[in-house]
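# What follows is a predicted structure for the sequence shown.
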Amino acid sequence: MSETQELTFAKRLKEQTTITHDSVDNLVMSVQPFSSKENYIKFLKLQSVFHKTVDHIYKDAELNKAIPELEYMARYDAVTQDLKDLGEEPYKFDKELPHETGNKAIGWLYCAESSNLGAAFLFKHAQKLEYNGEHGARHLAPHPNGRGKHWRAFVEHLNALNLTPEAEAEAIQGAQEAFAFYKVILRETFGLPEGTEAPEGMTPHRH
């Protein structure tokens, strides 16, 4: 128990969501989003729903005080521009989108930012389809400061929130729900049956 208490908030978030995060990564790669333009468009539509869901969190006034320039890290506009580059519109999700606030929203934010850290792998695949940071893969492009440096700064701000154990538990639950919701949208946009997971034997691409 003491070891868990010594972990930073960001490390607890990672520890408590790694299994779910890996299952998301595996499910993404199992649908081969970069095997064709058609599949890549489905992937962009998936991304557009998720980033629309978290967009208000990036714009939250209180969080922007705690995490400088958070609003500029939002990627919904970049995803919609990527779709426009390919002559497509954002996906119309026919159910009400989650609209988390408070501590749970911090978990959703962690989900969005940690997925961006691992997007270097996805960005390389998108470039093989001849999409890049100026056309078609804007939302996957690295932060101007570099992914690693940007992530380390984000983690420092997360830890500096100094949440109570109860607030941290809510944030962790929010992150788990965010990863689970991502899989729900993925199954819908790629036409998979409800509850589908990646085939066994796949390994996550994150490092």
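Ah, there it is. Numbers count the residues shown, from 1 in each chain.
# where in this structure is pLDDT low?
1-5, 202-207 (pLDDT under 70).
# List the buried residues in stretch 8-22.
By neighbour count on 16 or more other CB atoms under 10 Å, the buried set for stretch 8-22 is 9-10, 12-14, 16-17, 20-22. All C-beta atoms are positioned from the backbone trio N, CA, C, and that covers glycine.
# quick one, helices of this protein?
Assigned by DSSP state H, the helices in the chain fall at 2-6, 9-30, 37-58, 61-66, 76-85, 102-117, 119-128, 147-159, 165-189.
# burial count for residue 56?
Counted by other CB atoms under 10 Å, the residues lying close to residue 56 total 16.
# Quick check: it vs residue 76, distance?
As for residue 56, its distance to residue 76 is 10 Å (criterion: CB to CB, to the nearest Å).
# Burial-wise, tell me which of the helices of the chain comes out on top.
helix 102-117 (a mean of 22; mean count of other CB atoms under 10 Å).
# quick one: residue 79 and residue 139 touch, right?
Yes - using CB atoms under 8 Å, residue 79 is in contact with residue 139, at 4.4 Å.
# shared neighbours of the two, which are they?
Counting by CB atoms under 8 Å, 6 or more residues apart in numbering, the residues touching both residue 79 and residue 139 are 47, 51.
# Just confirm residue 57 contacts residue 105, I think it does.
Yes - look at residue 57 against residue 105 with CB under 8 Å: they come within range, at 4.7 Å.
# tell me, what's touching these two both at once?
Joint contacts of residue 57 and residue 105 (CB under 8 Å, 6+ apart) are residue 63.
# follow-up on the earlier one: to residue 201, which of the helices of the chain lies closest?
Smallest distance to residue 201 across the helices of the chain (CB to CB): 9.4 Å, for helix 9-30.
# Give me the residues contacting that closest one.
Helix 9-30 is touched from outside by 4, 7, 43, 107, 110-111, 114-115, 118, 155, 158-159, 161, 163, 168, 171-172, 175-176, 179-180, 182-183, 186, 196-199, 202-206, with contacts defined as CB under 8 Å, 6+ apart.
# want to throw the buried residues of stretch 8-22 into a markdown table with distance to residue 86?
Putting the buried residues of stretch 8-22 into a markdown table (distance: CB to CB, whole Å) gives the following:
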| residue | distance to residue 86 |
| --- | --- |
| 9 | 38 |
| 10 | 35 |
| 12 | 39 |
| 13 | 33 |
| 14 | 33 |
| 16 | 36 |
| 17 | 31 |
| 20 | 30 |
| 21 | 27 |
| 22 | 29 |
